[in-house]
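J.: Okay, predicted coordinates and the sequence, questions at the end:
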Amino acid sequence: MGLKYFTRCPFQINNNYNLYIMENNGYKSRLRSSFISKLFTTIILLTYAVFAIGQVQKPFIQRTSVYSPTKTIYSIKGDFTMIGNTNLTLQNYSDVTLNSNNIMILVDADADATTTNSSSATLTFSTENGAIPSCSNIIYAGLYWTGRTDPYVTTAQKCNIKVKGPGMSYYQTFTANVNDILYPGDNDMYAGYIEVTDLVQQNGVGEYWVADMALTTGNGSSTGYYGGWGMVVVYENNKMNWRDVTVFDGYAYVVGNTTVSYDLPVSGFNTVQYGNVNMKLGMMAGEGDVGIAGDYFQIQKVSDASWLTLNHAGNSANNFFNSSVFTGGNARNPNLLNNTGMDISMFNIPNTNNEVITNNQTSTTFRYGSTQDTYIIFCIAMAVDAHVPEPEGLNMVQSIGNVPYNTGDPLIAYPGDKIEYQLEVRNRGTEAINNARVVIPIPYASTYVSSVSNILFTPAPTPNNLYFDPTMGANGSIIWDIGTLPLPANPDDLLGTLTYRLRATTDCNLLTNIDCPPKIILDGTISGTGAISQVSTTLDFIQGYQSQGPCGGVPIYNPLIITIEAEDYIAQNCAGQSNINLTYCNIGNTIPITQVAGNFLAGSHFYNEYPVTNTSIEYTINNPFPATPGTTTYF
């Protein structure tokens with residue numbers, strides 16, 4: 001049995017299932033530019049949030065990032081936000097005119113002759129508790145677009161989109177997978193998705209333009225034509241409150257002129273233990289009309305199981321989907337009241353006396369329906385005030401090649417150098433933490449050498465077990481099962497250290513490959529369960545704190561990156577090149593992406609073909625590589 005994978009980063013997996021990766025121009029990795037959760041995550045202790053769906057065309061599932069494919073709930077000091085706009089409007093615009101039975105024209109606001117349609121919206125972040133938006137870390141960004149077209153617009157056209165961020169002088173083209181989310185969709189209403197975390201990390205807050213959606217102009221009869229886009233961004237800032245944030249997408253189609261309702265149960269979050277509970281909801285939908293009533297969105301109240309009909313300042317309880325973009329006052333171009341079928345809303349759910357959602361709650365249920373209007377829902381995001389234990393892992397480089405490392409020096413190693421790291425463990429929360437665990441996946445350009453732990457409080461915890469697991473992930477992982485971290489009198493008190501050593505790779509296949517630059521990109525997680533709250537959390541390592549400027553005191557979540565200088569070594573030792581040989585035995589019917597991704601740069605994507613098209617299959621945490629008998633080629 002075998003799998004044969006071609007990419008520009010060569011490797012080969014042998015035994016029961018074989019992956020052969022050879023030189024080919026069909027792959028380009030992407031490296032994150034600021035903190036986000038790492039791609040190679042081995043342990044997630046959060047309970048998964050689940051949408052139990054009914055009568056939807058494509059089930060709503062949690063959307064995850066390529067950098068953290070197993071993380072479905074973001075327990076962060078931070079929030080999510082949404083922006084978006086319409087790219088299609090009325091020829092004879094008014095605030096109350098429907099797009100049905102009226103002539104629609106393209107919006108093209110960017111003064112760029114190369115685009116046929118375009119609009120913009122400005123991304124901003126919260127200033128809660130004095131948070132500075134420019135100091136926020138972008139964890140995840142997803143772009144959605146939707147429209148109703150005539151049947152002759154192809155799926156390939158609908159899958160393509162152009163995006164331009166603040167300061168960019170050109171548009172970047174993205175192509176969605178055909179299974180994200182649904183094409184062509186019911187009544188010719190489609191919805192597409194692509195992750196744009198890299199682009200948003202690189203460009204930050206400011207004006208984003210989206211152009212050249214597949215749209216149809218003219219008179220779309222009784223349903224009408226519409227088209228627009230929305231972006232959801234999850235971000236963190238150390239000054240903000242703790243929240244559990246999750247993003248779902250799918251395709252729910254509600255037929256007009258029928259009385260229907262569907263329930264969407266949600267579970268897996270952890271609300272705060274005490275005090276008021278705040279809950280924010282985000283929604284993207286298509287074809288809700290400004291003047292057709294009867295559509296609604298509700299949440300079940302925990303106090304008496306009755307249903308609270310929701311609305312915000314831009315709509316009404318009896319016309320929830322009304323072509324409004326209500327995202328907190330973000331600047332838009334054009335800035336229209338009537339967005340002719342495009343709904344993007346973000347609002348707080350009223351929760352007087354915690355009647356809707358209360359302390360220590362982990363689930364709720366939404367209900368949506370209609371008596372007249374036709375619409376689709378394709379993205380829902382939510383954030384609840386959360387209680388999260390706060391273990392901290394401060395990860396630092398101690399020495400490279402037996403030379404002590406001084407902060408500020410270049411992080412450079414040579415092939416074969418030993419690199420010594422030290423992890424400092426603290427508890428900065430409000431309760432002791434049980435089952436504390438450290439997980440450090442070994443980067444692809446290094447190998448494990450040794451590790452030793454040191455407990456600095458008494459009595460020593462149990463099990464306090466430190467070991468290297470070669471089977472966890474693609475290149476093995478260091479595991480430290482600490483036991484219980486006490487709550488110290490001072491949150492700065494050091495509770496333990498882990499000193500560990502890695503060796504920079506001498507593998508010529510890695511060192512000579514121009515598209516897999518030899519870098520040791522190291523990150524890890526520290527997890528545990530609150531002794532009082534019983535809430536589980538998994539937090540990423542930090543590498544220190546901003547020391548000056550407006551972001552002083554803010555944790556730095558970027559991974560530690562050591563560049564391997566290999567030119568002389570290559571000249572002396574790398575005359576030829578062969579495949580990397582990796583072996584997995586009895587792996588089952590599929591090969592999880594977590595078994596493969598650790599051999600590549602964080603954020604790598606894997607496909608069944610190259611060049612990537614709208615029909616290409618991407619392999620993700622929800623769509624693992626098939627363990628097909630014989631040999632199959634991937635990119």
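T.: Looks like it arrived, so ask away. This one's a predicted model, so the numbers in the text were calculated from it and none came from an experiment.

J.: what bridges to the residue sitting nearest the centre point of the chain?
T.: Ranked by distance to the mean C-alpha position of the chain (CA atoms, centre = their mean), the top residue is Ser65 at 3.2 Å. On the basis of DSSP bridges, Ser65 is bridged to Ser68.

J.: do you know how far it is from Ser169?
T.: From Ser65 across to Ser169, the span is 27 Å (CB to CB, to the nearest Å). C-beta here means a position set from N, CA and C on the backbone, and glycine is covered the same way.

J.: Touching, the residue nearest to the centre of the chain and Val196? I think so.
T.: No - under the criterion of CB atoms under 8 Å, Ser65 is not in contact with Val196, lying 10.5 Å apart.

J.: just the helices in the stretch 51-200 of the chain please.
T.: Assigned by DSSP state H, counting those that start in this stretch, the helices in the stretch 51-200 of the chain fall at 155-158, 197-203.

J.: what sits against Ile520?
T.: The neighbours of Ile520, taking CB atoms under 8 Å, 6 or more residues apart in numbering as the test, are Ala413, Ile419, Pro443, Ala445, Ser446, Leu502, Ala504, Leu560, Ile561, Ile562, Ile564.

J.: Just name the most buried of the helices of the stretch 51-200 of the chain.
T.: helix 197-203 (a mean of 22; mean count of other CB atoms under 10 Å).

J.: so for that helix, what's the average pLDDT?
T.: What helix 197-203 shows for mean pLDDT is 96.

J.: what's whichever helix or strand comes after it packed up against?
T.: Per DSSP states H and E, the first helix or strand lying C-terminal to helix 197-203 is strand 206-211. Packing partners of strand 206-211 (3 or more CB pairs under 8 Å, 6 or more residues apart in numbering; DSSP states H and E): strand 118-123, strand 160-164.

J.: relative orientation of strand 206-211 and strand 160-164 in degrees?
T.: With axes from the mean of the first three to the mean of the last three CA atoms, to 10 degrees defining the directions, strand 206-211 sits at 150 degrees from strand 160-164.

J.: Which residues outside strand 206-211 are in contact with it?
T.: If you take CB under 8 Å, 6+ apart as the criterion, strand 206-211 is touched by 83, 85, 87, 110, 112, 115-123, 143, 145, 161-167, 171, 200, 229, 231, 331, 333.

J.: Centre of the chain to the helix or strand following that strand, how far?
T.: Using DSSP H and E, the next helix or strand after strand 206-211 towards the C-terminus is strand 218-219. Its chain's C-alpha centre lies 37 Å from the corresponding centre of strand 218-219 when counted by CA atoms, centre = their mean, to the nearest Å.

J.: Parallel or antiparallel, which strands does strand 218-219 pair with?
T.: Strand 218-219 has the following strand partners under DSSP bridges: strand 103-106 (antiparallel).

J.: and the partner strand, which residues are buried?
T.: By neighbour count with 16 or more other CB atoms under 10 Å, strand 103-106 contains the buried residues Met104, Ile105, Leu106.

J.: is it true that Arg367 lies in a strand?
T.: Yes - counting by DSSP: H, G, I helix; E, B strand; the rest coil, Arg367 falls inside a strand.

J.: Assess the claim that it and Trp307 are in contact.
T.: Yes - contact status for Arg367 versus Trp307: in contact at 6.0 Å, counting by CB under 8 Å.

J.: For Gly496, see how far away the nearest residue to Gly524 once chain neighbours are set aside is.
T.: Leaving aside its sequence neighbours, Gly524 sits nearest to Ile440 (CB to CB, 6 or more residues apart in numbering; 3.9 Å). Distance of Ile440 to Gly496, computed by CB to CB: 14 Å.
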